[in-house]
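Visitor: attaching a predicted model along with its sequence, questions to come.
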Amino acid sequence: MHLNSNLPKKILSWYDNNKRNLPWRVSKKSPKKLYYRLLSEFMLQQTQVKTVIPYFNKFTEKFKTLEILSKRKEKEILKLWEGLGYYRRARNLLASAKLLVQEYNSKLPKEINEIKKLPGVGDYTANALLGLVHNRPTIAVDGNVKRVFTRILNKRESKINFEKLIELNKNKLFSTKRNSDFVEALMEFGALICKPKDPKCNICNLNKNCKYFNSSKKIKFFEKKVLKNKDYDIFCYINKKKQIALTKKNNVGFLNEFHLPEIKETNIELRKKNWKFLSNYKNSISNIKLNINLYYKFSNKIPLNFNWYSIEKNKVLIPSFTKKIFKQVSILF
Ligand code: SF4
């Protein structure tokens, strides 16, 4: 599992000439470096760069520094995060900002185990921050980076111990001392050149030493997300004031903490009476594809734990999953 000693230089030289102009890439001496990196790393978890950019700009426009962000209310952060999904990240961002400001004097700790104490920061994000903010010799191993290494070695991902691979090659990988650039360059290279489908091997400056490119027996990638199909019934109490009753107490794990009407896995035998069928539609959340039957009832009485919300205007965070329900229900008025 030996890597070519020119690999970092080649990837960095490609990066220097081709890197995207992204708003969180500020100069190494910028006082905003930690804040911008922390914010972008949280936002980029499971979300594409082009989706993140407008949110990143909105956040940094409204909360100019880590200190300002750390003093805001969770409600305000969640409202600005609306539409980006995976709201736990927003809560963790705020909790991490508070901890950094209050306990670490707005500095990133220098030890990985200390960084991992920040809420929502696991191995990958901790390594990314350590490299990006402190220029430490480390690599944040995400899907892009794994793909680059698996291709260069032409070995299946399950056959590579990435930690060992990095340890074994550390003298070569960190020889340039441009560690923070290298963390990013590798990810960028994986995203733009060594792409999941159709890698751009012909213009890749690593192709001479790439076993995937030079082999007649190329490893195969199984990147397709397997979506699980599930049927759900959603029951909406609505009233003549164009309001809908929502609760955060549904027992559907992946929708916890969402404002929702009552939602249940479809059970034909237990289907409720006195509810009118409104529509059937599909919605996906992470790797679950939901087939939804929507029912409604006009009523002034609602169960405990439910509150009325306007279908048209709300001050609270209404996730896009629930907004889709609003859209369906609004045709009744
Ligand atoms: S030659 Fe192709 S497969 Fe090899 S690193 Fe470059 S883009 Fe990836």
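Guide: Noted; the coordinates are in hand.

Visitor: and stretch 326-333, C-alpha only, in PDB?
Guide: Output of stretch 326-333 as PDB, limited to C-alpha atoms (Å, rounded to 0.1, in the frame of the first residue of the first chain):
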ATOM      1  CA  PHE A 326     -49.100  22.400   4.000                       C
ATOM      2  CA  LYS A 327     -49.100  22.700   0.200                       C
ATOM      3  CA  GLN A 328     -51.400  19.700  -0.200                       C
ATOM      4  CA  VAL A 329     -53.800  20.800   2.500                       C
ATOM      5  CA  SER A 330     -54.000  24.400   1.300                       C
ATOM      6  CA  ILE A 331     -56.100  23.300  -1.700                       C
ATOM      7  CA  LEU A 332     -59.000  22.700   0.800                       C
ATOM      8  CA  PHE A 333     -59.400  26.500   1.500                       C
END
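
Visitor: what segments of the stretch 51-200 of the chain are helices?
Guide: For the stretch 51-200 of the chain, applying DSSP state H, counting those that start in this stretch gives helices covering 66-70, 74-81, 88-104, 112-115, 123-134, 143-153, 162-168, 170-173, 179-192.

Visitor: nearest to the ligand, out of the ones you listed?
Guide: Closest approach to the ligand among the helices of the stretch 51-200 of the chain (CB to the nearest ligand atom): helix 143-153, 3.8 Å. (Each C-beta comes from the backbone N, C-alpha and C, glycine too.)

Visitor: okay, buried residues for that closest one please.
Guide: For helix 143-153, the neighbour count (16 or more other CB atoms under 10 Å) marks 144, 145, 147, 148, 149, 150, 151, 152, 153 as buried.

Visitor: out of those, who's near the ligand?
Guide: Contacts with the ligand within the buried residues of helix 143-153, counted by CB under 6 Å from any ligand atom: 148, 151, 152.

Visitor: in TSV, list these along with pLDDT.
Guide: Output for those, formatted as TSV (pLDDT from 0 to 100):
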residue	pLDDT
148	95
151	96
152	96
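
Visitor: got the contact list for stretch 68-82?
Guide: For stretch 68-82, the external contacting residues (CB atoms under 8 Å, 6 or more residues apart in numbering) are 35, 39, 55, 58-59, 62-63, 87, 89-91, 93-94, 97-98, 100-102, 315-320.

Visitor: enumerate the residues of the protein near the ligand.
Guide: The chain comes close to the ligand at residues 148, 151-152, 193-194, 199-201, 204, 206-207, 210, 212-213, as judged by CB under 6 Å from any ligand atom.

Visitor: out of those residues, which one sits closest to residue 108?
Guide: residue 148 (25.9 Å; CB to CB).

Visitor: I'd say residue 155 and residue 220 touch.
Guide: No. Under the criterion of CB atoms under 8 Å, residue 155 is not in contact with residue 220, lying 11.9 Å apart.

Visitor: more neighbours: which of these two?
Guide: residue 155 (16 against 7; other CB atoms under 10 Å).

Visitor: residues in contact with that one?
Guide: The neighbourhood of residue 155, defined by CB under 8 Å, 6+ apart, consists of 1, 211, 219.

Visitor: now the residues you listed: which count as buried?
Guide: Members of the contacts of residue 155 classed as buried by 16+ other CB under 10 Å: none.

Visitor: before we move on, the earlier item: okay, the residues of the chain next to the ligand in TSV with distance to residue 71 next?
Guide: Below are those laid out as TSV (distance: CB to CB, whole Å):
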residue	distance to residue 71
148	40
151	45
152	46
193	41
194	42
199	45
200	45
201	50
204	46
206	46
207	51
210	49
212	49
213	52
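
Visitor: which pair in the residues you listed spans the largest distance?
Guide: Pairwise over those, using CB to CB, the maximum falls at 152 and 200, 14.4 Å.
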